[in-house]
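1. Sequence plus the predicted model coming up.
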Number of protein chains: 2
Amino acid sequence: MPKPEVDPTVSLDLSVDRSSPVPLYFQLSQQLEAAIEHGALTPGSLLGNEIELAARLGLSRPTVRQAIQSLVDKGLLVRRRGVGTQVVHSKVRRPLELSSLFDDLEAAGQRPATKVLVNTVVPAPAEIAAALGVAEDSEVHRIERLRLTHGEPMAYLCNYLPPGLVDLDTGQLEATGLYRLMRAAGITLHSARQSIGARAATTSEAERLGEDAGAPLLTMERTTFDDTGRAVEFGTHTYRPSRYSFEFQLLVRP
Amino acid sequence: MPKPEVDPTVSLDLSVDRSSPVPLYFQLSQQLEAAIEHGALTPGSLLGNEIELAARLGLSRPTVRQAIQSLVDKGLLVRRRGVGTQVVHSKVRRPLELSSLFDDLEAAGQRPATKVLVNTVVPAPAEIAAALGVAEDSEVHRIERLRLTHGEPMAYLCNYLPPGLVDLDTGQLEATGLYRLMRAAGITLHSARQSIGARAATTSEAERLGEDAGAPLLTMERTTFDDTGRAVEFGTHTYRPSRYSFEFQLLVRP
DNA sequence: TCAATGCGTATGTCCGGACAATCGAACTAC
DNA sequence: GTAGTTCGATTGTCCGGACATACGCATTGA
């Protein structure tokens, strides 16, 4: 007969600093997340009821709930009415984020390099104008980049940006990623509409990426919006499927 | 000189039914979402401050905040301290959900058809056993399906499931999607780890999908977890890129 | 033996209030 | 005229309590 699946309640030492400007619920959620990451809270273990937890920390229940809720939203915890809150099993981590290729590679220790092929201003073609929500033939930035790892080309990136948003210095573009430049320019990235497909490489694409003509390529088209809903970037990317694939984690919206 | 970008506060008739079992915050958020979808709340318009809104509806501010917060989480609204809450510009809609190919096609009016090629029980190969978190060579379900639209093959789906979770009737598999069967069996889908790539079709793959050998294929590998973190499904899918691409919307986690 | 009932427990929902932090605009001083 | 300041408006955070609802388990009944 298998053992019962619910681990016992775990008790660990949590504390909050009321003099800190960091919100209390955030302090708590960070400590809980660290405990989960660190293994102090094992998958399946119960978190102990909210009332008692609040009392132990000298917080109110709404504050504790807010901390727990943020972790539920991240997919780290599951609440069950009448049962309690428990840590999700398995190595289900890292929800899907609006990811930057540059950051992804750097996080993977790949030391990405970028070669800027084009950095200019052009009149917007119809399709790009529609995606960015600007007038056709109005001026937009156009940058083309080759992203390399270990000296080998990995992706070809073509991006369009509305004018005046960010200063596109070629040197900076080669040193860091586009998203970092945009964030540094005070743009709050909010959401993106993506489309991922595949197709056979044309001759020029193949040449750029060091593949044979007709080889399969992974393609991605993306329009990125800031927090007011303005389109701030449109890009078409092609990846060498032998060197890159999209990996992400989805959460079901309740 | 351009006009100021912030539209005036919009006032519309909202109401809640206290006798309904539907939570008040949910009633409100649904009405607001409908107003946004319907166009009564135009992009950029301010929602009016929370206090006054609460008073007008006879609700408390926390309840109103909960309603608004749920729409902020969905990406429909933006809060700005000292300014107010406004509707996001643009047609930024539909966040990314853990999607079912079957449902996606049906929503697109494609009338999907499914042909079950294999529906059997096999000893789990090492890779599948690891993904599902079961012992190697323990028994797992294996189903292979061909998904067609307009009589043409569109995708080849190979899935593995742990035993005992859901009753895999071939007739039902041809009539509906796997996720629907799982939900109907009481499984609460929670998250999935996906990997999307591309490669050239092998001879047998090409034959199955009606492509030429060497043609580019879009590939997807997915492990799905339920709300306790158990793996409940592992699948490898191949799509004809001329007939399918992945489209989704990402939200940035604040 | 097995099903129906009741109870404790935990989360879900909701209230009303308080103060802090931040933004934008009007205002003031130079 | 311009720069800095003040101030009103609005969301952000937090409290303490109340009742509703659902789940799991033990008890009871057939």
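-> Noted; the coordinates are in hand.

2. Can you show me the strands along chain A?
-> Ranges of strands in chain A, per DSSP state E, are A:7-9, A:45-46, A:77-80, A:84-87, A:113-123, A:139-149, A:152-161, A:189-200, A:216-226, A:231-239, A:246-251.

3. Is it possible to get JSON lines of these that adds mean pLDDT, mean neighbour count and distance to residue B:62?
-> For every residue, glycine as well, the C-beta is placed using N, CA and C. Below are the strands of chain A laid out as JSON lines (pLDDT from 0 to 100; neighbours: other C-beta atoms under 10 Å in any protein chain shown; distance: least, C-beta to C-beta, whole Å):
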{"stretch": "strand A:7-9", "mean pLDDT": "55", "mean neighbour count": "12", "distance to residue B:62": "28"}
{"stretch": "strand A:45-46", "mean pLDDT": "83", "mean neighbour count": "18", "distance to residue B:62": "27"}
{"stretch": "strand A:77-80", "mean pLDDT": "88", "mean neighbour count": "18", "distance to residue B:62": "18"}
{"stretch": "strand A:84-87", "mean pLDDT": "88", "mean neighbour count": "21", "distance to residue B:62": "20"}
{"stretch": "strand A:113-123", "mean pLDDT": "93", "mean neighbour count": "14", "distance to residue B:62": "47"}
{"stretch": "strand A:139-149", "mean pLDDT": "93", "mean neighbour count": "19", "distance to residue B:62": "44"}
{"stretch": "strand A:152-161", "mean pLDDT": "93", "mean neighbour count": "20", "distance to residue B:62": "40"}
{"stretch": "strand A:189-200", "mean pLDDT": "88", "mean neighbour count": "21", "distance to residue B:62": "25"}
{"stretch": "strand A:216-226", "mean pLDDT": "92", "mean neighbour count": "22", "distance to residue B:62": "29"}
{"stretch": "strand A:231-239", "mean pLDDT": "93", "mean neighbour count": "22", "distance to residue B:62": "34"}
{"stretch": "strand A:246-251", "mean pLDDT": "79", "mean neighbour count": "18", "distance to residue B:62": "25"}
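
4. how about the ones you listed in TSV, adding distance to residue A:31?
-> Output for those, formatted as TSV (distance: least, C-beta to C-beta, whole Å):
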stretch	distance to residue A:31
strand A:7-9	17
strand A:45-46	15
strand A:77-80	13
strand A:84-87	14
strand A:113-123	38
strand A:139-149	36
strand A:152-161	38
strand A:189-200	28
strand A:216-226	32
strand A:231-239	35
strand A:246-251	22
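
5. so which of those comes closest to residue B:118?
-> For those, proximity to residue B:118 was assessed by C-beta to C-beta; strand A:189-200 is nearest, at 25.1 Å.

6. Need the CA coordinates for that closest one. PDB is fine.
-> The C-alpha coordinates for strand A:189-200 follow below in PDB (Å, rounded to 0.1, in the frame of the first residue of the first chain):
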ATOM      1  CA  LEU A 189       8.100  46.000 -21.400                       C
ATOM      2  CA  HIS A 190       4.700  44.500 -20.800                       C
ATOM      3  CA  SER A 191       3.700  41.800 -23.300                       C
ATOM      4  CA  ALA A 192       4.500  40.400 -26.700                       C
ATOM      5  CA  ARG A 193       2.700  38.600 -29.400                       C
ATOM      6  CA  GLN A 194       4.800  35.800 -30.900                       C
ATOM      7  CA  SER A 195       4.500  33.400 -33.700                       C
ATOM      8  CA  ILE A 196       6.900  30.500 -34.100                       C
ATOM      9  CA  GLY A 197       7.100  28.500 -37.300                       C
ATOM     10  CA  ALA A 198       9.600  26.800 -39.600                       C
ATOM     11  CA  ARG A 199      10.500  26.900 -43.200                       C
ATOM     12  CA  ALA A 200      13.300  26.000 -45.600                       C
END
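
7. ok, and does that strand reach over to chain B?
-> Yes - for strand A:189-200, a contact with chain B is found by C-beta under 8 Å from any C-beta of the partner chain, at A:189-200.

8. Among the strands of chain A, which comes closest to DNA strand D?
-> Closest to DNA strand D of those is strand A:77-80 (C-beta to the nearest atom of the strand; 6.0 Å).

9. Show me what that closest one is packed against.
-> For strand A:77-80, the packing partners by 3 or more C-beta pairs under 8 Å, 6 or more residues apart in numbering or on different chains; DSSP states H and E come out as helix A:61-74, strand A:84-87.

10. which residues touch that strand?
-> Residues outside strand A:77-80 that contact it (C-beta atoms under 8 Å, 6 or more residues apart in numbering or on different chains): A:32, A:47, A:68, A:71-72, A:85-88, B:190, B:227-228.

11. what would those look like in a markdown table with distance to DNA strand C?
-> Listed next are the contacts of strand A:77-80 as a markdown table, based on distance: C-beta to the nearest atom of the strand, whole Å:
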| residue | distance to DNA strand C |
| --- | --- |
| A:32 | 12 |
| A:47 | 6 |
| A:68 | 7 |
| A:71 | 12 |
| A:72 | 8 |
| A:85 | 4 |
| A:86 | 9 |
| A:87 | 12 |
| A:88 | 14 |
| B:190 | 14 |
| B:227 | 12 |
| B:228 | 15 |
